[in-house]
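Chemist: Have a look; sequence and predicted model below, questions after that.
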Amino acid sequence: MYDLPDEIQVRSDGPIRIITLNRPDALNAVDDNLHTGLARLWPRLSEDRSARVAVLTGAGKAFSAGGDFAYLAELGRDAELRAKTIAHGRDIVLGMARCRVPVIAAVNGPAVGLGCSLVALSDIAYIAETAYLKDPHVQVGLVAADGGPLTWPLHTSLLLAKEYALTGAKIPAARAREMGLVNHVVDDPVTEALACAKRLLELPRQAVESTKRLLNLSLERAVLATLDFATTAEDLTFQSDDFRAVITKLADRG
């Protein structure tokens, strides 16, 4: 559906769109196909007039394990791929912020890096008790241009956003709820997210969509205030010796 790569599956349940990150053998780590698909997804979802709400989850045991190490290493070497990826990162962030359709995250397992960002950019988030959030951009030598820190200051205190962005520490489900980074900690996030989606369907469509837009105007303004700096800084860190050293070490360990 939506002519996307196989790494993203979209299926219809009436007016609900169930979006699944689909690299289960790699814990849904983000490669070029998945990243490109995410950039294309949000405008196509908005243009789908039969869609009224979306549930976003991951296939298998993880929501998303973050960037695929081989893909990250290639980004450090290939300037053309890096430019495309950074542009797509911008498209993902703004696409989610501007998406007409409410997006409910069903965080079924670890949400790391871009996975963490997708949760932060969703409208409502349910997380499994055993899942966690983590943004390790700084740990691997990168600026989090499309990462959780871009929006975390709107969800939680600036001090907490700084702590977890700078250290890359795991945020367990209960702590994420306490900080305001997710709405609910549940046994079965997909079932709960679908139930929430069905409740939204019972409400007047225009009121739901316009209220989402009203709330996301603040999010979009905050993102636009920092996004140009963030993407430029990320490009530079992809070319840094620190990043290359960390990725080489991680690749060797894998």
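Modeler: Yep, it's here.
Chemist: so what's Val140 closest to, chain neighbours aside?
Modeler: Computed as Cβ to Cβ, 6 or more residues apart in numbering, the closest residue to Val140 that is not its neighbour in sequence is Val246, at 4.8 Å. For the C-beta atoms, the positions are set from N, CA and C on the backbone; glycine is no exception.
Chemist: need the contact list for the one you found.
Modeler: Taking Cβ atoms under 8 Å, 6 or more residues apart in numbering as the contact definition, Val246 lies against Gln139, Val140, Gly141.
Chemist: Over to Arg40?
Modeler: Contacts for Arg40 (Cβ under 8 Å, 6+ apart) come out as Tyr2, Asp3, Leu4.
Chemist: tally of neighbours for the last one?
Modeler: What that stands for is Leu4. Using other Cβ atoms under 10 Å, Leu4 has 19 neighbouring residues.
Chemist: Same question for the first one.
Modeler: By the measure other Cβ under 10 Å, the count of residues near Tyr2 is 16.
Chemist: Any idea how far apart the tips of stretch 24-42 sit?
Modeler: 22 Å (Cα to Cα, to the nearest Å).
Chemist: Could you give the average pLDDT over it?
Modeler: The average pLDDT within stretch 24-42 is 98.
Chemist: wait, isn't Ala144 in contact with Ala165?
Modeler: Yes: counting by Cβ atoms under 8 Å, Ala165 is a contact partner of Ala144 at 6.4 Å.
Chemist: can you give me phi and psi for Ile124?
Modeler: In terms of degrees, to the nearest 10, the main-chain angles of Ile124 are phi -140, psi 140.
Chemist: Return the per-residue confidence for it.
Modeler: 98.
Chemist: State the distance from it to Val186.
Modeler: Ile124 is 12 Å from Val186, where distance means Cβ to Cβ, to the nearest Å.
Chemist: Also Val140?
Modeler: From Val140 to Val186 the distance is 31 Å (Cβ to Cβ).
Chemist: Which element, helix or strand, includes the residue positioned nearest the centre of the chain?
Modeler: The residue lying closest to the centre of the chain (Cα atoms, centre = their mean) is Leu118, at 1.6 Å. Under the criterion of DSSP states H and E, Leu118 resides in helix 114-121.
Chemist: for the residue nearest to Val140, helix, strand, or coil?
Modeler: helix (DSSP: H, G, I helix; E, B strand; the rest coil).
Chemist: Can you tell me how far it is from Leu166?
Modeler: For Val246, the distance to Leu166 - Cβ to Cβ - is 15 Å.
Chemist: Val30 now?
Modeler: In terms of Cβ to Cβ, Val30 sits 22 Å off from Leu166.
Chemist: More neighbours: which of the two?
Modeler: Between Val30 and Leu166, Val30 has the larger neighbour count (other Cβ under 10 Å), namely 26 against 13.
Chemist: returning to what we had before: list the residues that contact both of Ala144 and Ala165?
Modeler: What both Ala144 and Ala165 touch, as defined by Cβ under 8 Å, 6+ apart, is the set Asp135, His137, Val138.
Chemist: which of these count as buried?
Modeler: Asp135, His137, Val138 (16 or more other Cβ atoms under 10 Å).
Chemist: could those be laid out in JSON lines, adding distance to Asp252?
Modeler: What follows is these, written out as JSON lines (distance: Cβ to Cβ, whole Å):
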{"residue": "Asp135", "distance to Asp252": "23"}
{"residue": "His137", "distance to Asp252": "20"}
{"residue": "Val138", "distance to Asp252": "21"}
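Chemist: Pick the one among the residues you listed closest to Asp241.
Modeler: Val138 (15.5 Å; Cβ to Cβ).
Chemist: Surely that closest one touches Ala165?
Modeler: Yes: applying Cβ under 8 Å, one finds Val138 in contact with Ala165, separated by 6.7 Å.
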